[in-house]
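Visitor: Have a look; sequence and predicted model below, questions after that.
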Amino acid sequence: MHPAPSVIVFTTLSGLGFGLLFFLGLGMPGATGGVAFVFFALAYALAVGGLLASTFHLGHPERAWKAFTQWRSSWLSREGCAAVAALLIMGLYAIGRIFYAADWQFLGGIGAMLSLTTVFTTSMIYAQLKTIPRWNMALVPVKFLTFALAGGALLAGQETLATWLLLIAGAVALAYWQRGDRAFATAGSDIGSATGLGDRGAVRAFEPPHTGSNYLLREFVHVVGRKHSLKLRVIGVSLAFVLPLLFLLLPVSGLALKHTLAGLAVVSHIAGVFCCRWLFFAEAEHVVGLYYGKR
Amino acid sequence: MTDLPTTTDRKLGLVIDLDTCVGCHACVISCKGWNTENYGAPLSDQDPYGADPSGTFLNRVHSFEVQPAPCSAQPSPTAQLVHFPKSCLHCEDAPCVTVCPTGASYKRVEDGIVLVNESDCIGCGLCAWSCPYGARELDLAEGVMKKCTLCVDRIYNENLPEEDRVPSCVRTCPAGARHFGDLGDPTSDVSKLVAERGGMDLMPEQGTRPVNKYLPPRPKDQLGDIDVLAPLLAPVAEEPKGFLGWLDKALDALPGNSSGGSN
(Lines give C-alpha, C1' and ligand atoms only; values in the text may rest on other atoms or scores of the structure.)
Protein backbone atom coordinates (compact mmCIF):
# COMPACT_ATOMS: atom_id res chain seq x y z
CA MET A 1 0.00 0.00 0.00
CA HIS A 2 1.07 3.55 -0.69
CA PRO A 3 2.25 5.01 2.65
CA ALA A 4 0.38 8.32 2.35
CA PRO A 5 1.86 10.84 4.83
CA SER A 6 -1.60 12.15 5.73
CA VAL A 7 -2.80 8.72 6.88
CA ILE A 8 0.43 7.96 8.76
CA VAL A 9 0.27 11.29 10.58
CA PHE A 10 -3.43 10.76 11.27
CA THR A 11 -3.17 7.29 12.79
CA THR A 12 -0.02 8.09 14.76
CA LEU A 13 -1.05 11.42 16.26
CA SER A 14 -4.71 10.62 16.87
CA GLY A 15 -3.70 7.29 18.44
CA LEU A 16 -1.42 9.11 20.87
CA GLY A 17 -3.99 11.83 21.51
CA PHE A 18 -6.84 9.46 22.28
CA GLY A 19 -4.46 7.29 24.33
CA LEU A 20 -3.66 10.35 26.46
CA LEU A 21 -7.34 11.27 26.70
CA PHE A 22 -8.07 7.76 27.99
CA PHE A 23 -5.72 8.24 30.94
CA LEU A 24 -6.87 11.83 31.55
CA GLY A 25 -10.47 10.59 31.66
CA LEU A 26 -9.52 8.08 34.33
CA GLY A 27 -7.93 10.82 36.42
CA MET A 28 -4.35 9.87 35.63
CA PRO A 29 -2.80 12.32 36.35
CA GLY A 30 -5.40 13.99 38.51
CA ALA A 31 -4.15 17.46 37.61
CA THR A 32 -6.33 20.56 37.81
CA GLY A 33 -6.10 24.15 36.67
CA GLY A 34 -3.18 25.17 34.46
CA VAL A 35 -1.45 21.81 34.54
CA ALA A 36 -4.68 20.09 33.48
CA PHE A 37 -5.01 22.67 30.69
CA VAL A 38 -1.58 21.76 29.34
CA PHE A 39 -2.42 18.04 29.39
CA PHE A 40 -5.78 18.49 27.69
CA ALA A 41 -4.37 20.95 25.16
CA LEU A 42 -1.71 18.44 24.19
CA ALA A 43 -4.24 15.61 23.90
CA TYR A 44 -6.60 17.70 21.77
CA ALA A 45 -3.78 19.01 19.60
CA LEU A 46 -2.73 15.42 18.84
CA ALA A 47 -6.22 13.97 18.39
CA VAL A 48 -7.70 16.84 16.39
CA GLY A 49 -4.47 17.42 14.46
CA GLY A 50 -4.49 13.76 13.45
CA LEU A 51 -8.13 13.87 12.40
CA LEU A 52 -7.52 17.02 10.33
CA ALA A 53 -4.53 15.37 8.66
CA SER A 54 -6.77 12.48 7.64
CA THR A 55 -8.92 14.85 5.59
CA PHE A 56 -5.94 15.90 3.46
CA HIS A 57 -6.07 12.73 1.40
CA LEU A 58 -9.76 13.12 0.62
CA GLY A 59 -10.84 14.07 -2.89
CA HIS A 60 -13.61 16.25 -1.42
CA PRO A 61 -12.83 17.26 2.19
CA GLU A 62 -15.73 19.74 2.14
CA ARG A 63 -18.13 16.79 2.13
CA ALA A 64 -16.42 15.04 5.05
CA TRP A 65 -19.43 15.71 7.30
CA LYS A 66 -21.37 13.15 5.25
CA ALA A 67 -19.12 10.48 6.74
CA PHE A 68 -21.08 10.65 10.00
CA THR A 69 -24.16 9.11 8.37
CA GLN A 70 -23.26 5.47 7.75
CA TRP A 71 -22.26 4.29 11.23
CA ARG A 72 -24.47 1.22 10.89
CA SER A 73 -22.25 -0.41 8.25
CA SER A 74 -18.98 1.51 7.86
CA TRP A 75 -16.03 1.46 10.26
CA LEU A 76 -14.76 4.74 8.82
CA SER A 77 -18.08 6.36 9.64
CA ARG A 78 -18.10 4.80 13.12
CA GLU A 79 -14.64 6.21 13.70
CA GLY A 80 -15.81 9.70 12.85
CA CYS A 81 -18.79 9.41 15.20
CA ALA A 82 -16.73 7.91 18.04
CA ALA A 83 -14.03 10.58 17.68
CA VAL A 84 -16.50 13.45 17.84
CA ALA A 85 -18.33 11.88 20.80
CA ALA A 86 -15.05 11.29 22.66
CA LEU A 87 -13.84 14.84 22.02
CA LEU A 88 -17.16 16.37 23.15
CA ILE A 89 -17.43 14.35 26.36
CA MET A 90 -13.78 14.80 27.23
CA GLY A 91 -14.19 18.53 26.50
CA LEU A 92 -16.86 18.75 29.19
CA TYR A 93 -14.70 16.72 31.56
CA ALA A 94 -11.73 19.02 30.81
CA ILE A 95 -13.84 22.08 31.72
CA GLY A 96 -14.46 20.53 35.14
CA ARG A 97 -10.78 19.73 35.63
CA ILE A 98 -9.42 23.05 34.44
CA PHE A 99 -11.92 25.60 35.72
CA TYR A 100 -13.64 23.95 38.71
CA ALA A 101 -10.91 21.59 39.97
CA ALA A 102 -13.69 19.01 39.80
CA ASP A 103 -13.37 15.31 38.95
CA TRP A 104 -16.62 14.36 37.23
CA GLN A 105 -15.69 10.69 37.30
CA PHE A 106 -18.74 9.41 35.43
CA LEU A 107 -18.14 11.79 32.52
CA GLY A 108 -14.41 11.01 32.57
CA GLY A 109 -15.07 7.27 32.52
CA ILE A 110 -17.38 7.54 29.52
CA GLY A 111 -14.89 9.83 27.76
CA ALA A 112 -12.06 7.36 28.42
CA MET A 113 -14.08 4.47 26.98
CA LEU A 114 -15.06 6.54 23.93
CA SER A 115 -11.41 7.46 23.39
CA LEU A 116 -10.40 3.80 23.34
CA THR A 117 -13.40 3.03 21.11
CA THR A 118 -12.14 5.63 18.65
CA VAL A 119 -8.74 3.92 18.44
CA PHE A 120 -10.49 0.57 18.01
CA THR A 121 -12.67 1.87 15.17
CA THR A 122 -9.58 3.34 13.47
CA SER A 123 -7.90 -0.05 13.60
CA MET A 124 -11.00 -1.78 12.22
CA ILE A 125 -10.90 0.40 9.08
CA TYR A 126 -7.76 -1.58 8.23
CA ALA A 127 -8.48 -4.90 9.94
CA GLN A 128 -11.78 -5.33 8.04
CA LEU A 129 -10.07 -5.46 4.64
CA LYS A 130 -9.84 -9.03 3.38
CA THR A 131 -8.01 -7.69 0.36
CA ILE A 132 -4.96 -6.93 2.52
CA PRO A 133 -4.19 -10.16 4.42
CA ARG A 134 -1.48 -8.51 6.54
CA TRP A 135 -4.15 -6.23 8.03
CA ASN A 136 -7.02 -8.70 8.12
CA MET A 137 -6.27 -10.15 11.55
CA ALA A 138 -7.19 -9.59 15.20
CA LEU A 139 -3.65 -8.47 16.01
CA VAL A 140 -4.23 -5.19 14.16
CA PRO A 141 -6.78 -3.78 16.65
CA VAL A 142 -4.59 -5.15 19.46
CA LYS A 143 -1.61 -3.35 17.95
CA PHE A 144 -3.41 -0.02 17.56
CA LEU A 145 -4.86 -0.24 21.10
CA THR A 146 -1.62 -1.22 22.83
CA PHE A 147 0.34 1.43 20.90
CA ALA A 148 -2.21 4.10 21.89
CA LEU A 149 -2.25 2.97 25.53
CA ALA A 150 1.56 2.84 25.78
CA GLY A 151 1.95 6.27 24.17
CA GLY A 152 -0.90 7.67 26.24
CA ALA A 153 0.58 6.39 29.50
CA LEU A 154 3.95 7.83 28.53
CA LEU A 155 2.45 11.23 27.75
CA ALA A 156 0.35 11.14 30.92
CA GLY A 157 3.48 10.56 32.97
CA GLN A 158 2.31 7.22 34.33
CA GLU A 159 5.76 5.71 34.63
CA THR A 160 4.99 2.28 36.03
CA LEU A 161 2.03 1.70 33.74
CA ALA A 162 3.97 3.06 30.76
CA THR A 163 6.80 0.61 31.43
CA TRP A 164 4.48 -2.37 31.31
CA LEU A 165 2.43 -1.05 28.40
CA LEU A 166 5.58 -0.31 26.36
CA LEU A 167 6.73 -3.89 26.94
CA ILE A 168 3.36 -5.27 25.87
CA ALA A 169 3.09 -3.00 22.81
CA GLY A 170 6.62 -3.93 21.76
CA ALA A 171 5.76 -7.62 22.02
CA VAL A 172 2.58 -7.06 19.99
CA ALA A 173 4.59 -5.23 17.31
CA LEU A 174 6.92 -8.23 17.01
CA ALA A 175 4.01 -10.68 16.94
CA TYR A 176 2.29 -8.59 14.26
CA TRP A 177 5.33 -8.88 12.00
CA GLN A 178 5.79 -12.55 12.74
CA ARG A 179 2.18 -13.35 11.81
CA GLY A 180 1.90 -10.70 9.11
CA ASP A 181 4.83 -12.03 7.09
CA ARG A 182 2.90 -15.27 6.57
CA ALA A 183 -0.54 -13.69 6.16
CA PHE A 184 -0.55 -13.29 2.39
CA ALA A 185 0.49 -16.88 1.75
CA THR A 186 -2.03 -18.33 4.20
CA ALA A 187 -4.91 -16.15 2.95
CA GLY A 188 -5.06 -18.36 -0.15
CA SER A 189 -5.23 -15.82 -2.96
CA ASP A 190 -2.70 -16.22 -5.73
CA ILE A 191 -2.49 -15.42 -9.42
CA GLY A 192 -4.22 -18.75 -10.10
CA SER A 193 -7.32 -17.92 -8.06
CA ALA A 194 -7.27 -14.29 -9.22
CA THR A 195 -7.52 -15.33 -12.87
CA GLY A 196 -9.40 -18.59 -12.30
CA LEU A 197 -6.77 -20.23 -14.52
CA GLY A 198 -4.65 -21.78 -11.76
CA ASP A 199 -5.84 -25.36 -12.27
CA ARG A 200 -4.74 -25.29 -15.91
CA GLY A 201 -1.07 -24.63 -15.23
CA ALA A 202 1.37 -22.06 -13.96
CA VAL A 203 -0.04 -18.57 -14.56
CA ARG A 204 2.25 -15.66 -15.31
CA ALA A 205 1.37 -12.03 -15.97
CA PHE A 206 2.39 -11.74 -19.61
CA GLU A 207 1.48 -8.19 -20.44
CA PRO A 208 -0.05 -5.46 -18.27
CA PRO A 209 -3.12 -3.60 -19.54
CA HIS A 210 -1.11 -0.46 -20.25
CA THR A 211 2.50 0.62 -20.53
CA GLY A 212 2.23 3.44 -17.97
CA SER A 213 1.20 3.47 -14.34
CA ASN A 214 -2.30 3.90 -12.94
CA TYR A 215 -4.19 4.64 -9.72
CA LEU A 216 -4.24 0.97 -8.71
CA LEU A 217 -0.49 0.53 -9.07
CA ARG A 218 0.31 3.77 -7.28
CA GLU A 219 -2.11 3.09 -4.41
CA PHE A 220 -1.84 -0.67 -3.90
CA VAL A 221 1.39 -1.95 -5.38
CA HIS A 222 3.89 0.14 -3.45
CA VAL A 223 7.24 -1.65 -3.35
CA VAL A 224 9.72 1.20 -2.89
CA GLY A 225 11.49 0.99 0.44
CA ARG A 226 10.31 -2.52 1.24
CA LYS A 227 13.83 -3.83 0.78
CA HIS A 228 14.81 -1.84 3.88
CA SER A 229 11.92 -3.13 5.94
CA LEU A 230 14.05 -5.26 8.29
CA LYS A 231 16.31 -2.33 9.14
CA LEU A 232 13.30 -0.08 9.59
CA ARG A 233 11.67 -2.64 11.88
CA VAL A 234 14.74 -2.62 14.11
CA ILE A 235 14.84 1.19 14.09
CA GLY A 236 11.09 1.42 14.77
CA VAL A 237 11.07 -0.98 17.70
CA SER A 238 14.24 0.54 19.17
CA LEU A 239 12.88 4.08 19.02
CA ALA A 240 9.31 3.28 20.01
CA PHE A 241 9.92 0.83 22.83
CA VAL A 242 13.52 -0.03 23.73
CA LEU A 243 14.87 3.52 24.15
CA PRO A 244 11.82 4.84 26.05
CA LEU A 245 12.04 1.82 28.38
CA LEU A 246 15.73 2.59 29.02
CA PHE A 247 14.94 6.24 29.68
CA LEU A 248 12.18 5.27 32.11
CA LEU A 249 14.17 2.61 33.94
CA LEU A 250 17.45 4.53 34.29
CA PRO A 251 18.00 5.04 38.02
CA VAL A 252 18.51 8.80 38.15
CA SER A 253 17.93 11.30 40.91
CA GLY A 254 16.75 14.85 40.46
CA LEU A 255 13.42 16.00 39.09
CA ALA A 256 14.88 17.99 36.20
CA LEU A 257 16.88 15.04 34.91
CA LYS A 258 13.90 12.74 35.30
CA HIS A 259 11.72 15.14 33.32
CA THR A 260 14.36 15.46 30.61
CA LEU A 261 14.59 11.70 30.28
CA ALA A 262 10.79 11.39 30.20
CA GLY A 263 10.71 14.04 27.46
CA LEU A 264 13.32 12.11 25.49
CA ALA A 265 11.29 8.94 25.97
CA VAL A 266 8.22 10.65 24.52
CA VAL A 267 10.10 12.04 21.50
CA SER A 268 11.77 8.72 20.83
CA HIS A 269 8.48 6.86 21.18
CA ILE A 270 6.65 9.15 18.75
CA ALA A 271 9.46 8.85 16.17
CA GLY A 272 9.39 5.06 16.55
CA VAL A 273 5.62 4.85 16.17
CA PHE A 274 5.87 6.97 13.00
CA CYS A 275 8.43 4.49 11.66
CA CYS A 276 6.26 1.47 12.57
CA ARG A 277 3.19 3.13 11.06
CA TRP A 278 5.06 3.86 7.82
CA LEU A 279 5.95 0.17 7.67
CA PHE A 280 2.33 -0.77 8.47
CA PHE A 281 1.30 0.80 5.17
CA ALA A 282 4.39 0.25 3.03
CA GLU A 283 4.60 -3.46 3.86
CA ALA A 284 0.91 -4.21 3.31
CA GLU A 285 0.28 -6.21 0.16
CA HIS A 286 -3.05 -5.81 -1.64
CA VAL A 287 -4.34 -8.81 -3.61
CA VAL A 288 -4.98 -6.67 -6.69
CA GLY A 289 -1.20 -6.76 -7.22
CA LEU A 290 -1.71 -10.38 -8.32
CA TYR A 291 -3.28 -9.21 -11.57
CA TYR A 292 -0.12 -7.24 -12.28
CA GLY A 293 2.20 -10.11 -11.39
CA LYS A 294 3.51 -8.04 -8.47
CA ARG A 295 2.99 -10.43 -5.56
CA MET B 1 -27.57 3.65 2.38
CA THR B 2 -24.45 1.55 2.50
CA ASP B 3 -26.17 -1.62 3.68
CA LEU B 4 -26.31 -4.25 0.96
CA PRO B 5 -29.73 -5.42 -0.19
CA THR B 6 -30.39 -9.01 0.93
CA THR B 7 -31.70 -9.86 -2.52
CA THR B 8 -31.98 -8.02 -5.80
CA ASP B 9 -34.83 -8.43 -8.28
CA ARG B 10 -32.39 -9.08 -11.10
CA LYS B 11 -28.65 -9.68 -11.26
CA LEU B 12 -27.49 -7.82 -14.30
CA GLY B 13 -23.92 -8.56 -15.21
CA LEU B 14 -21.41 -9.59 -17.82
CA VAL B 15 -20.17 -12.96 -18.97
CA ILE B 16 -16.68 -12.73 -20.41
CA ASP B 17 -15.45 -15.50 -22.66
CA LEU B 18 -11.72 -15.97 -22.16
CA ASP B 19 -11.71 -18.44 -25.04
CA THR B 20 -12.92 -15.84 -27.52
CA CYS B 21 -11.27 -12.64 -26.32
CA VAL B 22 -8.53 -11.67 -28.74
CA GLY B 23 -7.10 -8.92 -26.54
CA CYS B 24 -7.81 -6.06 -28.95
CA HIS B 25 -8.71 -3.57 -26.17
CA ALA B 26 -11.67 -2.25 -28.19
CA CYS B 27 -13.86 -2.65 -25.09
CA VAL B 28 -11.40 -0.51 -23.11
CA ILE B 29 -11.59 2.29 -25.63
CA SER B 30 -15.35 2.18 -26.15
CA CYS B 31 -15.88 2.10 -22.37
CA LYS B 32 -13.70 5.16 -21.89
CA GLY B 33 -15.35 6.89 -24.84
CA TRP B 34 -18.91 6.32 -23.65
CA ASN B 35 -18.34 6.89 -19.97
CA THR B 36 -16.20 9.99 -20.26
CA GLU B 37 -19.05 11.92 -21.86
CA ASN B 38 -22.14 10.46 -20.25
CA TYR B 39 -23.11 9.37 -16.69
CA GLY B 40 -21.13 11.20 -13.98
CA ALA B 41 -17.80 12.94 -14.02
CA PRO B 42 -15.56 12.47 -17.08
CA LEU B 43 -12.72 9.94 -16.97
CA SER B 44 -9.70 12.21 -16.84
CA ASP B 45 -6.18 11.61 -18.07
CA GLN B 46 -3.07 13.00 -16.44
CA ASP B 47 -0.14 14.03 -18.62
CA PRO B 48 -1.80 12.30 -21.62
CA TYR B 49 0.75 13.40 -24.22
CA GLY B 50 3.73 13.64 -21.88
CA ALA B 51 6.37 11.28 -20.60
CA ASP B 52 4.27 9.66 -17.86
CA PRO B 53 0.69 9.35 -19.06
CA SER B 54 -2.00 7.75 -16.91
CA GLY B 55 -5.73 7.98 -16.61
CA THR B 56 -8.95 6.61 -15.23
CA PHE B 57 -10.32 3.49 -16.89
CA LEU B 58 -13.29 1.37 -15.85
CA ASN B 59 -12.21 -1.64 -17.85
CA ARG B 60 -8.71 -2.90 -18.53
CA VAL B 61 -7.42 -5.94 -20.43
CA HIS B 62 -4.59 -7.96 -18.92
CA SER B 63 -2.80 -10.79 -20.69
CA PHE B 64 -1.68 -13.91 -18.87
CA GLU B 65 0.42 -16.86 -19.94
CA VAL B 66 -0.64 -20.29 -18.70
CA GLN B 67 2.01 -23.00 -18.83
CA PRO B 68 0.44 -26.44 -18.28
CA ALA B 69 2.55 -28.97 -16.37
CA PRO B 70 4.07 -31.77 -18.48
CA CYS B 71 2.25 -35.10 -18.34
CA SER B 72 2.51 -38.45 -20.12
CA ALA B 73 0.04 -37.43 -22.82
CA GLN B 74 1.82 -34.11 -23.32
CA PRO B 75 5.47 -34.26 -22.33
CA SER B 76 6.14 -30.70 -23.49
CA PRO B 77 2.86 -28.79 -23.55
CA THR B 78 2.79 -25.37 -25.17
CA ALA B 79 1.92 -22.32 -23.11
CA GLN B 80 -1.40 -20.62 -23.73
CA LEU B 81 -1.94 -16.87 -23.89
CA VAL B 82 -5.17 -15.69 -22.26
CA HIS B 83 -6.43 -12.14 -22.70
CA PHE B 84 -8.29 -11.09 -19.63
CA PRO B 85 -10.67 -8.09 -19.56
CA LYS B 86 -11.44 -6.92 -16.04
CA SER B 87 -14.05 -4.47 -14.81
CA CYS B 88 -16.45 -4.27 -11.85
CA LEU B 89 -18.00 -7.69 -11.14
CA HIS B 90 -21.07 -6.16 -9.41
CA CYS B 91 -20.61 -8.55 -6.46
CA GLU B 92 -23.56 -9.71 -4.40
CA ASP B 93 -21.48 -9.26 -1.24
CA ALA B 94 -19.79 -6.12 -2.46
CA PRO B 95 -17.28 -5.02 0.23
CA CYS B 96 -16.93 -1.64 -1.50
CA VAL B 97 -20.52 -0.77 -0.58
CA THR B 98 -20.41 -1.51 3.14
CA VAL B 99 -17.10 0.27 3.78
CA CYS B 100 -18.38 3.55 2.31
CA PRO B 101 -18.69 6.14 5.10
CA THR B 102 -21.08 8.46 3.28
CA GLY B 103 -23.52 6.13 1.56
CA ALA B 104 -22.23 7.22 -1.86
CA SER B 105 -21.63 3.59 -2.89
CA TYR B 106 -24.73 1.49 -3.21
CA LYS B 107 -26.08 -1.66 -4.82
CA ARG B 108 -29.40 -1.26 -6.58
CA VAL B 109 -32.26 -3.49 -5.43
CA GLU B 110 -33.94 -3.56 -8.85
CA ASP B 111 -31.03 -4.87 -10.92
CA GLY B 112 -28.01 -5.38 -8.64
CA ILE B 113 -25.84 -2.75 -10.32
CA VAL B 114 -23.21 -1.26 -7.96
CA LEU B 115 -23.05 2.50 -8.43
CA VAL B 116 -21.42 5.59 -6.89
CA ASN B 117 -23.43 8.70 -6.16
CA GLU B 118 -20.69 11.14 -7.05
CA SER B 119 -22.21 14.10 -5.21
CA ASP B 120 -21.88 12.17 -1.93
CA CYS B 121 -18.41 10.68 -2.58
CA ILE B 122 -15.65 12.27 -0.46
CA GLY B 123 -12.90 10.48 -2.37
CA CYS B 124 -11.49 8.66 0.66
CA GLY B 125 -10.58 5.67 -1.51
CA LEU B 126 -11.57 3.03 1.05
CA CYS B 127 -13.92 1.29 -1.41
CA ALA B 128 -11.02 0.84 -3.83
CA TRP B 129 -8.96 -0.60 -0.96
CA SER B 130 -11.69 -3.11 -0.22
CA CYS B 131 -12.06 -4.32 -3.83
CA PRO B 132 -9.93 -7.39 -4.63
CA TYR B 133 -10.33 -6.87 -8.36
CA GLY B 134 -9.07 -3.31 -8.79
CA ALA B 135 -12.42 -2.34 -10.26
CA ARG B 136 -12.54 1.14 -8.75
CA GLU B 137 -10.27 4.03 -9.61
CA LEU B 138 -10.20 7.46 -8.00
CA ASP B 139 -10.36 10.11 -10.69
CA LEU B 140 -7.52 12.52 -9.97
CA ALA B 141 -9.18 15.50 -11.66
CA GLU B 142 -12.60 15.10 -10.05
CA GLY B 143 -11.56 13.58 -6.70
CA VAL B 144 -14.40 11.06 -6.81
CA MET B 145 -14.45 7.29 -7.24
CA LYS B 146 -15.21 5.97 -10.71
CA LYS B 147 -16.36 2.47 -11.55
CA CYS B 148 -18.22 0.46 -14.18
CA THR B 149 -21.92 1.40 -14.19
CA LEU B 150 -22.81 -1.46 -16.52
CA CYS B 151 -23.67 1.47 -18.79
CA VAL B 152 -26.79 2.19 -16.77
CA ASP B 153 -27.38 5.13 -19.10
CA ARG B 154 -27.52 2.84 -22.16
CA ILE B 155 -29.29 -0.32 -21.04
CA TYR B 156 -32.55 1.45 -20.11
CA ASN B 157 -32.21 4.26 -22.65
CA GLU B 158 -35.22 4.25 -24.95
CA ASN B 159 -33.67 6.95 -27.10
CA LEU B 160 -31.21 4.37 -28.37
CA PRO B 161 -32.04 1.67 -30.92
CA GLU B 162 -32.79 -1.59 -29.11
CA GLU B 163 -29.58 -3.31 -30.21
CA ASP B 164 -27.58 -0.53 -28.55
CA ARG B 165 -29.20 -1.01 -25.14
CA VAL B 166 -26.30 -3.08 -23.83
CA PRO B 167 -23.08 -1.94 -22.17
CA SER B 168 -20.73 -0.18 -24.55
CA CYS B 169 -18.03 -2.86 -24.16
CA VAL B 170 -20.49 -5.61 -25.13
CA ARG B 171 -21.77 -3.67 -28.13
CA THR B 172 -18.23 -3.01 -29.31
CA CYS B 173 -16.52 -6.38 -28.85
CA PRO B 174 -15.67 -7.57 -32.39
CA ALA B 175 -15.11 -11.14 -31.23
CA GLY B 176 -18.38 -11.59 -29.35
CA ALA B 177 -16.44 -12.34 -26.17
CA ARG B 178 -18.66 -10.23 -23.91
CA HIS B 179 -22.26 -11.05 -23.05
CA PHE B 180 -24.75 -9.04 -21.01
CA GLY B 181 -27.87 -10.25 -19.25
CA ASP B 182 -29.66 -11.26 -16.06
CA LEU B 183 -27.54 -13.83 -14.23
CA GLY B 184 -30.24 -14.20 -11.59
CA ASP B 185 -32.60 -15.75 -14.15
CA PRO B 186 -31.57 -19.37 -14.81
CA THR B 187 -33.38 -19.33 -18.18
CA SER B 188 -31.53 -16.29 -19.54
CA ASP B 189 -29.03 -16.72 -22.36
CA VAL B 190 -26.13 -15.66 -20.14
CA SER B 191 -27.09 -18.11 -17.39
CA LYS B 192 -27.32 -20.94 -19.91
CA LEU B 193 -23.93 -19.96 -21.30
CA VAL B 194 -22.41 -20.01 -17.81
CA ALA B 195 -23.95 -23.44 -17.09
CA GLU B 196 -22.82 -24.88 -20.41
CA ARG B 197 -19.25 -23.58 -20.33
CA GLY B 198 -18.53 -23.85 -16.60
CA GLY B 199 -18.45 -20.11 -15.86
CA MET B 200 -16.28 -19.24 -12.88
CA ASP B 201 -15.84 -16.60 -10.18
CA LEU B 202 -12.61 -14.67 -9.71
CA MET B 203 -11.01 -15.04 -6.25
CA PRO B 204 -13.97 -16.92 -4.74
CA GLU B 205 -12.00 -17.13 -1.47
CA GLN B 206 -12.59 -13.41 -0.98
CA GLY B 207 -16.27 -14.17 -0.40
CA THR B 208 -17.53 -11.38 -2.64
CA ARG B 209 -19.88 -13.58 -4.72
CA PRO B 210 -19.30 -11.81 -8.04
CA VAL B 211 -22.23 -11.58 -10.47
CA ASN B 212 -19.97 -11.36 -13.53
CA LYS B 213 -18.69 -14.75 -14.66
CA TYR B 214 -15.69 -15.76 -16.72
CA LEU B 215 -15.84 -18.61 -19.23
CA PRO B 216 -12.56 -20.56 -19.12
CA PRO B 217 -10.57 -21.02 -22.32
CA ARG B 218 -11.31 -24.28 -24.10
CA PRO B 219 -8.42 -26.77 -24.25
CA LYS B 220 -6.13 -26.21 -27.20
CA ASP B 221 -6.35 -28.65 -30.12
CA GLN B 222 -3.51 -31.16 -30.17
CA LEU B 223 -1.75 -31.83 -33.43
CA GLY B 224 -1.67 -35.62 -33.72
CA ASP B 225 -2.27 -38.09 -36.59
CA ILE B 226 -5.69 -36.62 -37.14
CA ASP B 227 -5.02 -35.26 -40.60
CA VAL B 228 -6.47 -37.65 -43.17
CA LEU B 229 -4.06 -36.30 -45.76
CA ALA B 230 -1.00 -36.87 -43.54
CA PRO B 231 -0.10 -40.30 -45.00
CA LEU B 232 -0.16 -38.83 -48.50
CA LEU B 233 2.21 -36.06 -47.49
CA ALA B 234 4.83 -38.30 -45.85
CA PRO B 235 8.24 -38.17 -47.56
CA VAL B 236 8.41 -40.95 -50.16
CA ALA B 237 12.15 -40.97 -50.89
CA GLU B 238 13.62 -43.15 -48.11
CA GLU B 239 17.11 -43.08 -49.62
CA PRO B 240 18.38 -40.25 -51.79
CA LYS B 241 19.00 -41.17 -55.40
CA GLY B 242 20.78 -39.61 -58.36
CA PHE B 243 22.92 -36.54 -57.81
CA LEU B 244 21.77 -36.10 -54.18
CA GLY B 245 22.57 -39.75 -53.50
CA TRP B 246 26.10 -39.32 -54.91
CA LEU B 247 26.55 -36.09 -52.90
CA ASP B 248 25.35 -37.81 -49.71
CA LYS B 249 27.84 -40.66 -50.14
CA ALA B 250 30.66 -38.30 -51.11
CA LEU B 251 30.11 -36.15 -48.03
CA ASP B 252 29.89 -39.23 -45.80
CA ALA B 253 33.27 -40.35 -47.15
CA LEU B 254 34.94 -37.14 -45.98
CA PRO B 255 36.61 -37.29 -42.58
CA GLY B 256 34.64 -35.95 -39.60
CA ASN B 257 31.21 -36.70 -38.18
CA SER B 258 28.04 -35.70 -39.93
CA SER B 259 25.23 -34.60 -37.68
CA GLY B 260 21.69 -34.19 -38.80
CA GLY B 261 20.23 -37.61 -39.25
CA SER B 262 20.44 -40.43 -41.69
CA ASN B 263 20.05 -38.42 -44.88
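Guide: Thanks, I have the structure now. Everything numeric here is computed off the predicted structure, so don't read it as measured data. Numbers count the residues shown, from 1 in each chain, chains lettered A, B, ... in the order given.

Visitor: confidence score at the residue of chain A found nearest chain B?
Guide: Closest residue of chain A to chain B, CB to the nearest CB: residue A:59 (1.9 Å). Quick note: C-beta positions are derived from backbone N, CA and C, even for glycine. Residue A:59 carries a pLDDT value of 90.

Visitor: Check residue B:257 too.
Guide: Reported pLDDT for residue B:257: 66.

Visitor: Before we move on, what's the pLDDT of the spatially closest residue to residue B:240 that is not a sequence neighbour?
Guide: Nearest non-adjacent residue to residue B:240, counting by CB to CB, 6 or more residues apart in numbering or on different chains: residue B:248, 5.1 Å away. Note for residue B:248: predicted pLDDT of 83.

Visitor: For the helix or strand containing residue B:248, buried residues please.
Guide: Per DSSP states H and E: residue B:248 is located in helix B:242-253. Buried residues in helix B:242-253, defined by neighbour count with 16 or more other CB atoms under 10 Å in any protein chain shown: residue B:248.

Visitor: cool, stretch A:209-218 as well?
Guide: A:209-210, A:214-217.

Visitor: Could you list the low-confidence segments of the chain?
Guide: Looking at chain A here, since you left the chain open. Scanning chain A for pLDDT under 70 picks out the ranges A:224-226.

Visitor: ah, no, chain B please
Guide: Using pLDDT under 70, chain B drops low at B:1-2, B:223-227, B:230-231, B:235-237, B:257-263.

Visitor: same thing but at 50, please
Guide: Along chain B, the parts satisfying pLDDT under 50 run over B:262-263.

Visitor: what about the strands in it?
Guide: Using DSSP state E, the strands assigned to chain B run over residues B:12-17, B:45-46, B:54-55, B:59-67, B:80-87, B:105-107, B:114-116, B:137-138, B:145-146, B:178-182, B:213-215.

Visitor: What is the end-to-end distance of stretch A:152-165?
Guide: Using CA to CA, to the nearest Å, the end-to-end distance of stretch A:152-165 comes out at 10 Å.

Visitor: Pick the most deeply packed of the strands of chain B.
Guide: Of all the strands of chain B, strand B:145-146 has the most neighbours on average by mean count of other CB atoms under 10 Å in any protein chain shown, namely a mean of 27.

Visitor: Who does it pair with, and is each partner parallel or antiparallel?
Guide: Strand B:145-146 has its sheet partners listed here by DSSP bridges as strand B:137-138 (antiparallel).

Visitor: Now tell me what touches the partner strand from outside.
Guide: With contact meaning CB atoms under 8 Å, 6 or more residues apart in numbering or on different chains, strand B:137-138 is reached by A:59, A:214-216, A:219, B:56-58, B:123, B:125, B:128, B:144-147.

Visitor: Can you report how many residues lie near residue B:241?
Guide: The number of residues packed near residue B:241 is 10, by other CB atoms under 10 Å in any protein chain shown.

Visitor: ah, wrong one, I meant residue A:84
Guide: Residue A:84 - counted by other CB under 10 Å - has 14 other residues nearby.

Visitor: Give me the three-state assignment for it.
Guide: helix (DSSP: H, G, I helix; E, B strand; the rest coil).

Visitor: how far away is the residue nearest to it when sequence neighbours are not counted from residue A:274?
Guide: Spatial nearest neighbour of residue A:84, excluding adjacent residues (CB to CB, 6+ apart): residue A:68 at 7.3 Å. For residue A:68, the distance to residue A:274 equals 28 Å [CB to CB, to the nearest Å].

Visitor: So between these two, which is more surrounded?
Guide: Comparing residue A:68 with residue A:274 by neighbour count (other CB under 10 Å), the higher total belongs to residue A:274, at 19 against 15.

Visitor: how about the residues of the stretch 151-295 of chain A near chain B?
Guide: A:187-189, A:191, A:193-197, A:200-210, A:212-216, A:219-220, A:286-288, A:291-292 (CB under 8 Å from any CB of the partner chain).

Visitor: Can I get the buried part of those residues as one ChimeraX selection?
Guide: With 16+ other CB under 10 Å as the criterion, this ChimeraX line picks the buried residues out of those:
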select /A:187,189,191,193,194,195,196,197,200,201,203,205,206,207,208,209,210,214,215,216,219,220,286,287,288,291,292
